[in-house]
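**Student:** sequence and predicted structure are below.
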Amino acid sequence: MDFEQNDDFSSPVPPQEPQRQQAPPPGYYPPQGPPPKKRSGWRVFLRIVLVLSILANILLFLALTGFAAVFATGYGGIMTEQVIRDSDAKEKIAVVSIEGIIYGPVARDVYRQLDVAAKDSKVKAVIVRVNSPGGTVSGSDRIYNGIRKFRTQSGKPVIAFMEGLAASGGYYTSVACEKIIAEPTTVTGSIGVIAKYFVFEELLESKLGIVPITVKSGKRKDWPSSTRKPDAEELKYIEEKIIAPAYDRFLSVIIEGRQGSLTADEIKRLADGSIFGAAEARKEKLIDDIGYLDDAIDLVKSMASIADAKVVEYRKPLSLLGILGVQKSDSLKIDKNTLYELGTVQRMYLWEAY
């Protein structure tokens, strides 16, 4: 049988002796291969720098995006603080500014400034700097109420400092303060109310051929109307219902604000819409003194019983859209709101010098 035949799998292989390496002959040098590559530390370093640079650029991009988003909206209600009179003292005097024609947004800005001053424990007194011909009845009254509320709740002294112009609503807001100082060239006064509206009757009917039709439940429902000229009865109605209440309110805030300086009869004599220079206003006791900002600072420091203070003012931060010139258009747009404003009586505490 073939089962007993020998094969290589069963027969052991005798161990082979290792071959002895012969020494190279004298003068023989074996060929040399390329030297082994060494890892460079610089390459590792550069890779780390590259990765860090990419991460830094990503973080910078995100930061700038957030920064732009915040500034595009003007920080919402946040106000920035700027030092206008420096000092080593910890105490502060805050300057709250009322500038330009007074209306809703201006009143809101003043409220924000007063709120910042109220929350800052280092602010010991407030100067309300006024440079305004006045504005809407409601806007002026809101600022007046804000100042009075600040005085009551904070207990901090508040004085008004009038710059070039503080007429009508500008004076209305000033009498909310304890004292009033005006620059020598200030124009103030103009105590009273003015109301205007437009009548388009001739334009609509004669020029455009448009005849407005009004259906109403009572004859006074559309008084005043921009589609027809008012008669004597309608003008008297406007004066009684719109002008008189606002005028009486003006008188009442002056009587309260100038208590101890002016009587009600003296105020009524002055409240015919007349304007006054600083010297005449002081003579008529509409203001307390004439001076400059430094004089107002000295006065309010003495009222707050402090020897020195840093003087700061509050400003709205710059908007990115404003820097880039992308502002909301103020051009006249003929829409329902515009037509309503043009055809409706607008009550104003405003000096109109044109």
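**Tutor:** Thanks, I have the structure now.

**Student:** in the helix or strand hosting residue 115, what's buried?
**Tutor:** Element membership for residue 115, per DSSP states H and E: helix 104-119. Neighbour-count burial for helix 104-119 flags 106, 107, 109, 110, 111, 112, 113, 114, 116, 117, 118 (criterion: 16 or more other C-beta atoms under 10 Å). For glycine as for every other residue, the C-beta is placed from the backbone atoms N, C-alpha and C.

**Student:** mind exporting the C-alpha coordinates of stretch 198-218 to PDB?
**Tutor:** The C-alpha atoms that make up stretch 198-218 are tabulated as PDB, following Å, rounded to 0.1, in the frame of the first residue of the first chain:
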ATOM      1  CA  PHE A 198     -54.100 122.300   5.300                       C
ATOM      2  CA  VAL A 199     -57.300 122.800   3.300                       C
ATOM      3  CA  PHE A 200     -57.300 121.100  -0.200                       C
ATOM      4  CA  GLU A 201     -60.700 122.200  -1.300                       C
ATOM      5  CA  GLU A 202     -59.600 124.300  -4.300                       C
ATOM      6  CA  LEU A 203     -56.900 121.900  -5.300                       C
ATOM      7  CA  LEU A 204     -59.200 118.900  -5.300                       C
ATOM      8  CA  GLU A 205     -62.200 120.400  -7.000                       C
ATOM      9  CA  SER A 206     -60.800 123.100  -9.300                       C
ATOM     10  CA  LYS A 207     -57.500 121.600 -10.300                       C
ATOM     11  CA  LEU A 208     -58.100 117.800 -10.100                       C
ATOM     12  CA  GLY A 209     -61.800 117.600 -10.500                       C
ATOM     13  CA  ILE A 210     -62.200 115.500  -7.300                       C
ATOM     14  CA  VAL A 211     -65.300 116.100  -5.200                       C
ATOM     15  CA  PRO A 212     -65.000 114.600  -1.600                       C
ATOM     16  CA  ILE A 213     -68.100 113.200  -0.100                       C
ATOM     17  CA  THR A 214     -68.500 112.900   3.700                       C
ATOM     18  CA  VAL A 215     -71.300 111.100   5.400                       C
ATOM     19  CA  LYS A 216     -71.400 111.800   9.200                       C
ATOM     20  CA  SER A 217     -73.600 111.300  12.200                       C
ATOM     21  CA  GLY A 218     -73.400 114.900  13.400                       C
END
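
**Student:** excluding sequence neighbours, find me the nearest residue to residue 237.
**Tutor:** Nearest-residue entry for residue 237: residue 223, 5.7 Å, with adjacent residues in sequence omitted and distances by C-beta to C-beta, 6 or more residues apart in numbering.

**Student:** my guess is that neighbour contacts residue 239. True?
**Tutor:** No - if you go by C-beta atoms under 8 Å, residue 223 and residue 239 don't touch, sitting 11.6 Å apart.

**Student:** quick one, which of those two is more surrounded?
**Tutor:** The residue with more neighbours, out of residue 223 and residue 239 and counting by other C-beta atoms under 10 Å, is residue 223; that gives 18 against 13.

**Student:** what's the spacing between residue 105 and residue 143?
**Tutor:** In this structure, residue 105 and residue 143 are separated by 12 Å, where distance is defined by C-beta to C-beta, to the nearest Å.

**Student:** same question but for residue 245, I mixed them up
**Tutor:** 19 Å.

**Student:** do a quick rundown of the strands in the stretch 251-354 of the chain.
**Tutor:** For the stretch 251-354 of the chain, the strands identified by DSSP state E, counting those that start in this stretch occupy 275-277, 289-290, 310-315, 346-350, in order along the chain.

**Student:** winner for burial among those?
**Tutor:** Per residue and on average, the most neighbours among the strands of the stretch 251-354 of the chain fall to strand 346-350, with a mean of 23 (mean count of other C-beta atoms under 10 Å).
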